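**Q** Fold the following, please.
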Amino acid sequence: MTLEELLVRSGGVCEFCGEDQRLAGVEVAPAGPIVLCALCRGDRAASAEHWRCLEGAAWSAVPAVQYAAWRRLASLEEPWAAETRDAMVLLPEVQALVDAPPAVIHRDSNGVQLTQGDTVVLIKDLPVKGAGFTAKRGTAVRGIGLVAENAAHIEGRVDGQRIVILTEFVKKK
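**A** Coordinates of the predicted model:
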């Protein structure tokens, strides 16, 4: 779907919180794309109270939105989030995704799926063991490679060195 089609589907608002500014399409693999605002995408830190919006998104008729809400609720450590997730009545398509055996899927620090050849940005200074330098926060790593057997690792070239980077320290560009 194009961004215009997604905006029509969403009514021109974030499909989590209803915000109408700084919207973008986000791919929620394997469910499909949704529209999120900058805060819900993770461009800025959101308070636990902000995520209360998921209580409404959990009942969306759009499978990708419901699946994304279900996943985000799982990442929150608030009692209300666990209660909301447990109370969700999942659409059949979403239930099939939830019940499917997990595949090795690489995700960045915001939960966005990474694919071979993507460009990522480091979100933290990382000391590179054995190379004697620190990869600085904000460094773009182009053309990443995925480590097939470990979803937490990607490979990339920083300062001419091929290194393994933990996915929790990168953000897809």
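**Q** What residues does the closest residue to Ala69 other than its chain neighbours make contact with?
**A** Closest residue to Ala69 apart from its sequence neighbours, by C-beta to C-beta, 6 or more residues apart in numbering: Ala57 at 4.1 Å. C-beta coordinates here come from the backbone N, C-alpha and C atoms, glycine included. For Ala57, the contacting residues are 15-17, 65-66, 68-69, by C-beta atoms under 8 Å, 6 or more residues apart in numbering.
**Q** on contacts alone, who are the packing partners of the helix or strand of the chain with the lowest mean pLDDT?
**A** Least confident helix or strand, the chain: strand 145-146 with a mean of 88, by mean pLDDT, DSSP states H and E. With contacts defined as 3 or more C-beta pairs under 8 Å, 6 or more residues apart in numbering; DSSP states H and E, strand 145-146 has these neighbours: strand 153-158.
**Q** Pull up the pairing partners for the helix or strand containing Thr134, direction included.
**A** Counting by DSSP states H and E, the element that carries Thr134 is strand 133-135. With DSSP bridges as the test, strand 133-135 is paired with strand 126-128 (antiparallel).
**Q** mean confidence for the partner strand?
**A** Averaged across strand 126-128, pLDDT comes to 92.
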